[in-house]
Structure formats: C-alpha cells, structure tokens
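Colleague: Okay, predicted coordinates and the sequence, questions at the end:
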Amino acid sequence: MSDYQPNELAGKVFDFIAYTNQSVFLTGKAGTGKTTLLKKIKENTNKKMVVIAPTGVAAINAKGTTINSFFQLPPGSFFPGDISFQHLQSGITSIQSTVSDLSYNRDKLKLFNELELLIIDEVSMVRCDVLDVIDAILRSVRKNNLPFGGVQLLLIGDLYQLPPVTKREDWAFLSKAYPSPYFFDSLVIRNHPVLQIELTKVYRQTEETFIKILNDIRNNQIDEDDLKLLNERYEPDFENKNGLNPIIITSHNAEASAINNAKLAGLDGEEYLVEAEIEGDFRELGLQAEQQLKLKVGAQVMFIKNDSGE
C-alpha cells in the first residue's frame, strides 16, 4: 500500500489487508467512503486479488464480476448436509455434491490457487449458503482446510440495505441449518468470525439535510420534521411541462418495462429497433440493458452513464 492517505479507521482496514491475513467485514452508512476505500485498496494492494458481487449491477459498479459467474455456480440453493431427492428436484443441492460436480479449466484453477485476497462487495445481498459454497470450493481446489482455503476476505456492505433474496420454499428447508439468510450466519463465518470495522465519518457533504433524512429512514428514526420536509416536495396537482414526463421510480424491472412500453405505444410514428453490441462474456440475464431497444421519435431516453463517444 502506498500513496493513499485514509483516516484512522480506514487506515486500519488498509493495514489489516496489507499486513495480515485477517478477514474483515467493512460496513458503514452512505457517504462514509466504502466505495472509495475499495477503489484505493484495488489501486494499492500488492496482493493477488479478485472483486466479486452478488448481482450484475453491483459487480459493474465495483469493476468486478458476479459470484455465480466467477465460481460457475448453478442456479438454486445449497444445503450443508445430505438432502432428499424431493429437495433435489426443487433446486436445492448439497454443498458437497455441488463442489464435486463443478469443473474448472486450467486458468481458473491457477487463479484460485494463486488468489490471496477475495473482495465481496454488497455482501448484504449474499446468502449464507452461497458463502459456505465459496468456502468449500476454495478449500477443495487449494487443498487447504483453513477458512476459504487460506484466502483473505474483505466483505463490504451495509446491512441496512438490500437483504439476500431467498425463495420461501427454499428457506423452509435452509432454515434447518441457518438462523437467517444473511452471510454472517453462514457456517464458515459462525465458526470463524471475521473482524468487523464500521466507518462512521461521513465525507459526502453535499445535501446534508437530505442525507440526514436518508439516515433517519435507515435507522427507523424518521420524525415529523423529516416528513414535513419530504412532503414539501409533493405536488398533488403536478402537470407536465414542455411535454417532458417525470421519471417514475419503481421497485421492479417488470413494472418499469410495462410503463415504458405503454408510453412508447402512446407515441405516433414509426418504431425503430436498435440492437445492442455486446463485448465480453455476458450471460443474457446478466445484461444491464435490453438487448433490443425500441424507440420512436419523441421518446424520452435517460442516460445512466456518460457517453464516452466511442
């Protein structure tokens, strides 16, 4: 580690990563510098490292890859013990059989064996059984019975944000082995606890009032003043101006697609189809935009990333 000058607490994370093999869970609310610290660790570490994340969006934000892609995990859930044929049919497999069935090429095996630091971003969304599978894979491939085959882990995330996604029927079975779906209730973490460090100093100083409201909501401490300020932004009689439609925020992609398709269908004129050019190894479900984009003259398009002009 070299040029970066972190604050005292972030510096401890640097030291643990640089000079020990201690695994660390790094947490903190919005604006405390988790993403910046991840970037600086990537830029300064001398260790052979990989960054993975539970979803495609999170992996792209962290400039890494998804957990399932990196470890070539099959879809479904994983149980730390023997399971019946009935549960096999429902998409649950035993961790032992999953590891036995996986086959890696020479390059991936070399990568696993040389790996020194594994960073998992947005770890709040990682299920406990997935972390146990990762542990079992690395122990098996590296022929090392230490947790994660001796690989140091840096787990980054905020437990107040998105939780793991678990099907109700899967959890009915997984709950026999796990107290909760969260990563910290994996067998490997319960048996070998990681060091927890929470960043508390907020660096994101713009819109301090709004950040305070977000943190009050995060901590379930929202008060009348917060609600009053939010409601001041509410315009029940809002009318579109200049023909521009306001952005609608939804919690599900399917609902967003339905709204977009309805708006597009309401426009007159010819519909144009734009085909995406895909570079790199992406599974169809891992694409971050529609492979075929339908447009009409007058349709609103929102860029979520700067156009580099390439």
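Modeller: That came in fine, so what should we check first? Note that this is a predicted model, so its numbers are computed, not measured.
Colleague: Could you use CA atoms for every contact and neighbour count after this?
Modeller: Fine.
Colleague: What degree of burial does P163 show, as a neighbour count?
Modeller: 17 (other C-alpha atoms under 10 Å).
Colleague: ok, now the one 5 residues further on?
Modeller: Taking other C-alpha under 10 Å as the neighbour definition, R168 ends up with a count of 9.
Colleague: Can you give me the distance of it to F183?
Modeller: Distance, R168 to F183, using C-alpha to C-alpha, to the nearest Å: 17 Å.
Colleague: repeat for T35
Modeller: Separation of T35 from F183 (C-alpha to C-alpha) stands at 20 Å.
Colleague: Surely K228 forms part of a helix?
Modeller: Yes: under DSSP: H, G, I helix; E, B strand; the rest coil, K228 falls within a helix.
Colleague: what's around it, how many residues?
Modeller: Around K228 there are 10 other residues, counting by other C-alpha under 10 Å.
Colleague: next structured bit after the longest helix anywhere in the chain?
Modeller: Longest helix in the chain, counting residues (DSSP state H): helix 128-142. Using DSSP states H and E, the helix or strand that follows helix 128-142 towards the C-terminus is strand 152-156.
Colleague: what's near enough to touch F112?
Modeller: Counting by C-alpha atoms under 8 Å, 6 or more residues apart in numbering, F112 touches 138, 141-142.
Colleague: Could you identify the buried members of those residues?
Modeller: For the contacts of F112, a burial check counting by 16 or more other C-alpha atoms under 10 Å picks out 138, 142.
Colleague: As TSV, the contacts of F112 with distance to I52 and pLDDT would be great.
Modeller: As requested, the contacts of F112 are exported to TSV (distance: C-alpha to C-alpha, whole Å; pLDDT from 0 to 100):
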residue	distance to I52	pLDDT
L138	14	98
V141	18	97
R142	19	97
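Colleague: Take the contacts of F112 and write them to CSV, including distance to Y203.
Modeller: Below are the contacts of F112 laid out as CSV (distance: C-alpha to C-alpha, whole Å):
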residue, distance to Y203
L138, 36
V141, 41
R142, 40
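Colleague: Quick check: of the contacts of F112, which lies closest to I247?
Modeller: L138 (44.4 Å; C-alpha to C-alpha).
Colleague: roughly how far apart are that closest one and I189?
Modeller: L138 is 15 Å from I189, by C-alpha to C-alpha.
Colleague: Please apply the same query to N220.
Modeller: Separation of N220 from I189 (C-alpha to C-alpha) stands at 28 Å.
Colleague: and those two? which has more neighbours close in?
Modeller: Taking neighbours as other C-alpha under 10 Å, N220 and I189 compare with I189 leading, 16 against 9.
Colleague: Excluding residues flanking it in the chain, which one is nearest that one?
Modeller: F183 (7.7 Å; C-alpha to C-alpha, 6 or more residues apart in numbering).
Colleague: and that neighbour, what does it touch?
Modeller: 123-124, 126-129, 131, 189.
Colleague: Tabulate those residues (a markdown table), appending distance to N21 and pLDDT.
Modeller: A markdown table is the format used below for the contacts of F183 (distance: C-alpha to C-alpha, whole Å; pLDDT from 0 to 100):
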| residue | distance to N21 | pLDDT |
| --- | --- | --- |
| V123 | 19 | 96 |
| S124 | 22 | 94 |
| V126 | 22 | 96 |
| R127 | 23 | 96 |
| C128 | 22 | 97 |
| D129 | 23 | 96 |
| L131 | 18 | 97 |
| I189 | 15 | 98 |
